[in-house]
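*Asks:* based on what follows, work out the 3D shape:
(one chain, ligands or ions: 1)
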Amino acid sequence: MAAKAIQPSGRERTFPEDEIIVSKTDRQGRLTYVNDVFLNVSGFTEAELIGQPHSIIRHPDMPRCIFKLLWETIEAGREIFAYVVNLSKNGDHYWVLAHVTPDFGPNGEIVGFHSNRRVPRPEAVAAVQPVYKRLLQEEAASADRKQGQEASYTFMMDLLKREGKPYAEFILGL
Ligand SMILES: Cc1cc2nc3c(=O)[nH]c(=O)nc-3n(C[C@H](O)[C@H](O)[C@H](O)COP(=O)(O)O)c2cc1C
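*Replies:* Here you go, the predicted structure:
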């Protein structure tokens, strides 16, 4: 569990197009490595981040079902791309296009996870925002967190069915 929740400031920040925000985690999603770009954008120190759950930078505007999909995919040994809005330490937010992959040990077992994030195209963020808003509405209308996650997950899967595209194609086509 992350310590105390950061209050969003409503201010957006960004980072240069040629920079990559990198983090690595253990199997449970606790941070084991962050690069300097991560530190600059998030405003945290390395000491504040290492050993903490990755949810330390979670923004309340992120639908739970996106993280469910993320974990299902990487736990199955596959990669996933996702648009994610994160919180900096002071409450500012920043959008990323994350590419999350499993790290494998010598016997092919998953030993941790790795995320590389780039600045997303503004049009892609504009396209994903109403989808996330709709998913959050599904979650808010549910009795509890668990049911909310299931409801928004089902909504997302139905949306993909209607679009006739698998998740990766839908996301990277935005
Ligand atoms: C390699 C990796 C990178 C992740 N990156 C982020 C991230 O940038 N922002 C985020 O909110 N969650 C990220 N997560 C997902 C978190 O582990 C967590 O599932 C999410 O923040 C939801 O937390 P909650 O279930 O406590 O609300 C990442 C997970 C992994 C394994």
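*Asks:* near the ligand, which residues of the chain?
*Replies:* Residues of the chain lying near the ligand by CB under 6 Å from any ligand atom: 23, 25, 29, 54-55, 57-58, 62, 67, 84, 86, 98, 100, 113-115. The C-beta positions use only the backbone N, C-alpha and C, and glycine is treated the same way.
*Asks:* farthest-separated two in those residues?
*Replies:* Maximum pairwise distance among the residues of the chain next to the ligand (CB to CB): 19.4 Å, between Met62 and His114.
*Asks:* any low-confidence regions in the chain?
*Replies:* Within the chain, the segments meeting pLDDT under 70 span 1-4.
*Asks:* quick check: phi and psi at the residue most central in space within it.
*Replies:* In the chain, the centroid-proximal residue (CA atoms, centre = their mean) is Val84; its distance is 4.3 Å. When read as degrees, to the nearest 10, the backbone of Val84 gives phi -130, psi 140.
*Asks:* any idea which of the residues of the chain next to the ligand has the most stuff around it?
*Replies:* Highest neighbour count within these: Ile57, with 25 neighbours (other CB atoms under 10 Å).
*Asks:* report the contact partners of the closest residue in space to that one that isn't next to it in sequence.
*Replies:* Counting by CB to CB, 6 or more residues apart in numbering, Asn86 is the residue found nearest to Ile57 once chain neighbours are left out, at 4.4 Å. Residues near Asn86 by CB atoms under 8 Å, 6 or more residues apart in numbering: Ser42, Ile57, Arg58, His59, His93, Tyr94, Trp95, Val96.
*Asks:* so Asn86: helix, strand or coil?
*Replies:* The three-state assignment at Asn86 reads strand, by DSSP: H, G, I helix; E, B strand; the rest coil.
*Asks:* now it: how far from Gln149?
*Replies:* Asn86 sits 19 Å away from Gln149, going by CB to CB, to the nearest Å.
*Asks:* and for Thr45?
*Replies:* 32 Å.
*Asks:* between those two, which is the more surrounded one?
*Replies:* Ranked by neighbour count (other CB under 10 Å), Thr45 and Gln149 place Gln149 first, with 20 against 11.
*Asks:* I'd say Val84 and Val96 touch.
*Replies:* Yes - Val84 lies in contact with Val96 (CB atoms under 8 Å); the separation is 5.4 Å.
*Asks:* which residues are common contacts for these two?
*Replies:* Arg117.
*Asks:* find the nearest non-adjacent residue to Val111, please.
*Replies:* Gly105 is the one closest to Val111 (CB to CB, 6+ apart), at 4.3 Å.
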